[in-house]
Structures are given as C-alpha cells and as structure tokens.
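Enquirer: Please work out how this folds:
(one chain, ligands or ions: 1)
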Amino acid sequence: MIPECPARTSEARNRTWCHGQTAESNRNRSGLLCEIKSIIKTESFTEHYDLIPGKELGRGKFAVVKKCVKRSTGLEYAAKFMRKRRKGQDCRTEIIHEIAVLELAASCQRVVSLHDVYELPSEMVLVLEFAAGGEIFNQCVAERDEAFKDEDVKRLMRQILEGVAFLHSKNVVHLDLKPQNILLTSDNPLGDIKIVDFGLSRMMCNSQEIREIMGTPEYVAPEVLNYEPISTATDMWSIGVLAYVMLTGISPFLGEDKQETFLNISQINVSYAEEELQRLDKAAVHFIKSLLIKDPKNRATAEECLNHPWLQTHEQNAAKETVKLKSVITSIPEPVSTGISSQHTEEEEEEEEGRVTEELLVMSAYTLGQCRQSSEKEGLTPEQKAISKRFKFEESFPALQEVPGEFIY
Ligand SMILES: Nc1ncnc2c1ncn2[C@@H]1O[C@H](COP(=O)(O)OP(=O)(O)OP(=O)(O)O)[C@@H](O)[C@H]1O
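Expert: Predicted structure coming up:
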C-alpha cells in the first residue's frame, strides 16, 4: 500500500491535475505532460513580487532561483526563472511539463508547491513555495559532528520515500534525485523535506520505453549508462546513493573524473567496508544494499523501502511486535476438548511462551530478508579495487561548485 502522502490543504487536496483529461491524452510520446491548469500570467512579475536583493537561492544550467516576496501578502517565495531557449532550441514544452508535474503532485506535502506562473519574453517564472532550510547537500558535506545524525537521516529518508512513492504511484519518475534537489523547510531546527526540480522527470507508461541519457553522474543508475529502459527503479538507485551519502558524507561512486565515476557505477564498484558504514546500524547498510543492485527489477521499491526495518520508528516496531504477538497467539490452535480441564499448568504455559518467542524470531528474520540482497562488492578484482578510490565531499566540494547541475547528454 502506498502511504497517504500528507496533504497540504483541503484546497490542494481537491485540485485535479488536468481538467477532463486522462493521463494518456495529456502525455506526449517522450513522456512529457503537455497540459497545465495553472493560469500563465503575462503581466509584469515585479508588479506583484519584490525580488530580495542579494544572494541567489540557487542556479542550474538554465535556471536561476531567487527569493521574492508577494506584495499583496508579504509572504516569501522562491522564483525560478527558466530560460525558454536553450542551446538554440525552444524548451517551453519542457517547462510546461515541469509545471504539470508540480500540479500533479500538488496534494503531496513532500513535493515543493507551485504558487504562480509568469511568462516573460525570454523566460518563464515558476513561483514556488520557499524552502528556507536550503539543500540537504549542505549537511551531507558538513564535518561529521555537524552533519545529520542517524535519527535525522531516518526521518528525512522516510519523507523522501513518501514523496517518491507518491510520484511513482502517479507514474512519474524524477530522474534527478540528489542532495541538491532535496530541500528543507528549515535547517535549525531541522525541518521537513521538499523535493524540487522536475526538469528531467518523465511520465512512465507501459507502451513506451524511455532510454534517454540524463541525470547527474554520481547519482545515475547503471541502466541509464547502458542505454537500457528507465523505470521507477532508476529513482530507487539514486535513493540508495542518497542514503549512502547522507549517512557517511561519502559519494559512493565518485571517481577522479566522469569516466571513472561511470565505470564505478557500471561495475557496482561500491565499498561497504568504509569506516563510516561500519559504525552504522546493520539495517541501514542492508537498506542501501537493497537499492544499489544492477538489475532494476531486483531493487526495492519506494513502498518496500518504507517498510524496511531500518526506517521503522521505535513505536512502529513495538506496535508491529504486538500485532505479531497477537497473531501468533491467535494462530495457536485451541486445545481439543477432552473433557479434562483446559486450564494450563505452569509448565505448559512456559512451554507455550517458548514457542511464541521462537516464532517471533523466525518472523522478524523473514521481515529483514524481504528486501532483496544486492550483488556484493566483496570479491572485487584488484583493478576494480584500484579504481574504487573514494573522495569525501569536503575534498571535492569546490570542484562540484564549479560545475553545478552537470548533466550527461
Ligand atoms: N523552492 C525553493 N526554495 C529554496 N531554494 C530553492 C527552491 N527551488 C530551488 N531552490 C534552489 O535552487 C537550486 C536550483 O533549483 P533547480 O534544481 O530547481 O534548478 P535547475 O536549473 O532545474 O537545476 P539543475 O540544473 O540542477 O537541474 C536548488 O538546488 C536549490 O538550491
């Protein structure tokens, strides 16, 4: 079952993403949605919004994001200015698709909400909910004592998965999940996550295979590099990389250059022997292993991940144990009436307790084993080991900043 994504407002809950259209008719052949319900405003953006002078919130290859304030309400937003022409090509269709996906996810609290759309001569402006805490990337690259605590990672990962499960339930694949695209509502205290940047996202459908090459090198799945079909499992690979990075601060596949990164990915050259992983809960490592699997069919889904033991809260675990205990107790057959008193002796009760405990152990082992095992990196050839040189983000951070949002085309 897909968990109900926490809804924003009753108004948002009632919104439909496309008037009188089926998903099929609203989708073109390349997996792009082509109809939106937002009104595209053509009046002056700056008549209604004041741009906050100073630092940009962020910048991608074809977009700049700036903080702004709506004059009529005084509320803060993030305005994403997107160029309509890119490399000499009209990219308005792609922007319309991004708007349509945001509309489709309007009821999901884990996805940034769209407030307004403006069209300027050379740009479109998406007025988005402002995520004041910035990118989770900042905490991923922080010194370990300032980085996320394991409990924070669990809570944020649960939220990321809620958003991704919601998107996948609507047949949307994000295809660019990375710490720069997961924002926080606040950083101190640590708020909730908001998924942004649907520029590379696609609608999936059975009749059509998407094999485009896209994404950010370190987070890209092996099927993307091999030009094999892309699916919701492609996002799940990125979730595996994301979990690794959030827990350790190490980018598991990052090489000296793009080629080495791609080689590491296609050979699943990932180390589970890192000191940072050794100190972790075994269930966290099992979670990552259930995602960093070459064959997309064998990767855990977002729903399966949400049920993974690593992400269960203490209360959930306690509740599950109670339910299991109850079901085990009720499944124990009633003793056949022999006419003799059915009152158990103390010895009989002790024996029964032993049986219950044993069955519970078998059950929890089964739950842990439900997520599939990955092809382990242990047993690498010396060449593979040599190439698996890892860099901490601290070391490569300046270089990463120089090439923001680098895509493979
Ligand atoms: N709603 C928001 N609130 C605060 N900051 C934001 C918001 N949306 C985007 N940003 C910041 O701007 C950056 C760029 O935004 P976004 O990823 O949407 O642009 P993009 O051009 O599509 O990027 P890319 O080229 O990486 O795909 C984000 O990584 C984030 O730091």
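
Enquirer: near the ligand, which residues of the chain?
Expert: Within the chain, the positions near the ligand by C-beta under 6 Å from any ligand atom are 57-58, 60-63, 65, 78, 80, 112, 128-131, 135, 176, 180-181, 183, 196-197, 199, 405. In short, each C-beta sits where N, CA and C put it, glycine included.

Enquirer: Just the buried ones from those residues?
Expert: The neighbour-count criterion (16 or more other C-beta atoms under 10 Å) marks 57-58, 60, 62-63, 65, 78, 80, 112, 128-131, 135, 176, 180-181, 183, 196-197, 199, 405 among these as buried.

Enquirer: which residues in this structure form strands?
Expert: Using DSSP state E, the strands found in the chain span residues 40-41, 49-51, 58-59, 63-70, 76-83, 85-86, 89-90, 114-119, 123-129, 134-135, 172-173, 182-184, 193-195, 202-203.

Enquirer: could you give the angle of the fourth one to strand 114-119?
Expert: With axes from the mean of the first three to the mean of the last three C-alpha atoms, to 10 degrees as the basis, strand 63-70 and strand 114-119 are set at 110 degrees to each other.

Enquirer: list the helices and strands strand 63-70 packs on?
Expert: Secondary-structure packing of strand 63-70 (3 or more C-beta pairs under 8 Å, 6 or more residues apart in numbering; DSSP states H and E): strand 49-51, strand 58-59, strand 76-83, strand 123-129.

Enquirer: could you redo the last one with a cut-off of 10 Å?
Expert: Applying 3 or more C-beta pairs under 10 Å, 6 or more residues apart in numbering; DSSP states H and E, one finds that strand 63-70 contacts helix 45-48, strand 49-51, strand 58-59, strand 76-83, strand 123-129.

Enquirer: quick one: which of these is nearest Leu156?
Expert: Closest to Leu156 of the helices and strands packed on strand 63-70 is strand 123-129 (C-beta to C-beta; 17.5 Å).

Enquirer: Give me the below-cutoff pLDDT ranges for the stretch 251-400 of the chain.
Expert: Residue ranges of the stretch 251-400 of the chain with pLDDT under 70: 316-317, 320-321, 323-400.

Enquirer: domain parsing for the protein?
Expert: Following automatic domain parsing, the chain resolves into domains at 10-129, 134-308+353-391.

Enquirer: so can I have CSV of these showing distance to Ala319?
Expert: Below are the domains of the chain laid out as CSV (distance: least, C-beta to C-beta, whole Å):
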stretch, distance to Ala319
domain 10-129, 23
domain 134-308+353-391, 13
